[in-house]
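Visitor: here is a sequence together with a model predicted from it:
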Amino acid sequence: MKVQILVSISLFLILGVNGQDKIIDSILPNKKTKFNYKPLIIPTVLIGYGLIGIESDGLKLFNTEIREELTENIDDKFTIDNVSQYAPFVSVYALNALGIKGKNNFKDRTIILGSAYIIMGASVNGLKKITRVERPDGSSRNSFPSGHTATAFMGAEFLYQEYKEVSIWYGISGYAVATGTGFFRMYNDRHWLSDVAAGAGIGILSTKIAYWLHPILKEKIFRKNDNTDGIIAPFYSENSYGLALSIKF
């Protein structure tokens, strides 16, 4: 059952990525095209499912059934999700370091990633404070939405956008890792399915908005230093997680 759940979620998200590749993947209208809502469908559905799950008795029951199925006979927890959440967007910088160039240079992709991270973080933390949903393990009341999952899917969409013209498989691999991160958040009894669904939607949508805002931010704020280069990576110190950024001008 656990494998079936993971495979089902993976197929749903991967099909969504492939579907987006066949349409204009932008929510910013221009003079020649009308506003394109299609790229917003998947993240909106995921967020909507999560929000409905907060109050819906039927979805709460489904959350409980999924939790019982996942936690049955578990002896050890696997905290790989604490690291895997960063893997998709770190892969963008790793691939560039290996000479596999993506859509944007270091400066532009870092502006996009930073914007997406701010949007995602503000959304997740704001909803956690408003909703105060109890975690499955009862440790706190900040379960909704899943921040780890939001980070992972933000990175997966970032990886997809940067490398979809090189190979669709980069995006698929990123989404597979993100799906695994969400799975382990439930497996480790830290989140409900509705938390993970909403986190995934927020992560994807945050990156889409960041790409939409990028031309404006680049024009108004980041005009100089086009030759900026550097590296970005996650760090871990005792019980703290974060990002380390090294920039060379």
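Guide: Arrived safely. Numbers count the residues shown, from 1 in each chain.
Visitor: just the CA trace of the one helix or strand Ile54 maps to, in CSV.
Guide: Under the criterion of DSSP states H and E, Ile54 resides in helix 41-55. The C-alpha trace of helix 41-55 is given here as CSV (Å, rounded to 0.1, in the frame of the first residue of the first chain):
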residue,chain,number,x,y,z
ILE,A,41,-4.2,24.4,-12.3
ILE,A,42,-2.0,21.7,-10.6
PRO,A,43,-0.7,23.9,-7.8
THR,A,44,-4.1,25.4,-7.2
VAL,A,45,-5.7,22.0,-7.0
LEU,A,46,-3.1,20.8,-4.6
ILE,A,47,-3.4,23.8,-2.3
GLY,A,48,-7.2,23.6,-2.5
TYR,A,49,-7.1,20.0,-1.5
GLY,A,50,-5.0,20.8,1.5
LEU,A,51,-7.2,23.7,2.6
ILE,A,52,-10.3,21.7,2.3
GLY,A,53,-8.6,18.9,4.2
ILE,A,54,-8.4,21.1,7.3
GLU,A,55,-12.1,21.1,7.9
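Visitor: next secondary structure element downstream of that helix?
Guide: Following helix 41-55 in sequence order, the next helix or strand is helix 57-71 (DSSP H and E).
Visitor: can you give me the buried ones in that next one?
Guide: Going by neighbour count (16 or more other CB atoms under 10 Å), the buried part of helix 57-71 is Leu59, Asn63, Ile66, Arg67, Leu70, Thr71. In this view, the C-beta of every residue, glycine as well, is placed from N, C-alpha and C.
Visitor: quick one on the thing from earlier: quick one: contacts of the helix holding Ile54?
Guide: With contacts defined as CB atoms under 8 Å, 6 or more residues apart in numbering, helix 41-55 is touched by 13, 16, 19-20, 59-60, 63, 131, 133, 144-145, 192-202, 204-205, 208.
Visitor: related to what we said a few turns ago, what's the closest of the buried residues of helix 57-71 to Ala94?
Guide: Distance to Ala94 across the buried residues of helix 57-71 (CB to CB) is lowest for Leu70, with 30.8 Å.
Visitor: buried residues in the lengthiest helix in the chain?
Guide: Ranked by number of residues, the top helix in the chain under DSSP state H is helix 193-220. Applying a neighbour-count criterion of 16+ other CB under 10 Å, one finds 193-214 buried in helix 193-220.
Visitor: repeat that for stretch 127-147.
Guide: Leu127, Lys128, Thr131, Val133, Arg135, Pro136, Asn142, Ser143, Phe144, Pro145, Ser146, Gly147.
Visitor: now whichever strand or helix holds Thr149: average pLDDT?
Guide: Per DSSP H and E, Thr149 falls inside helix 147-163. In this model, helix 147-163 has an average pLDDT of 98.
Visitor: grab the nearest non-local neighbour of the most centrally placed residue in the chain.
Guide: Nearest to the geometric centre of the chain sits Phe153, at 1.8 Å (CA atoms, centre = their mean). Closest residue to Phe153 apart from its sequence neighbours, by CB to CB, 6 or more residues apart in numbering: Gly203 at 3.1 Å.
Visitor: circling back to that earlier point, and which of the buried residues of helix 57-71 is nearest to Gly114?
Guide: Asn63 (33.1 Å).
Visitor: confidence score at the closest one?
Guide: Note for Asn63: predicted pLDDT of 96.
Visitor: please report the distance of it from Ile54.
Guide: Distance, Asn63 to Ile54, using CB to CB, to the nearest Å: 10 Å.
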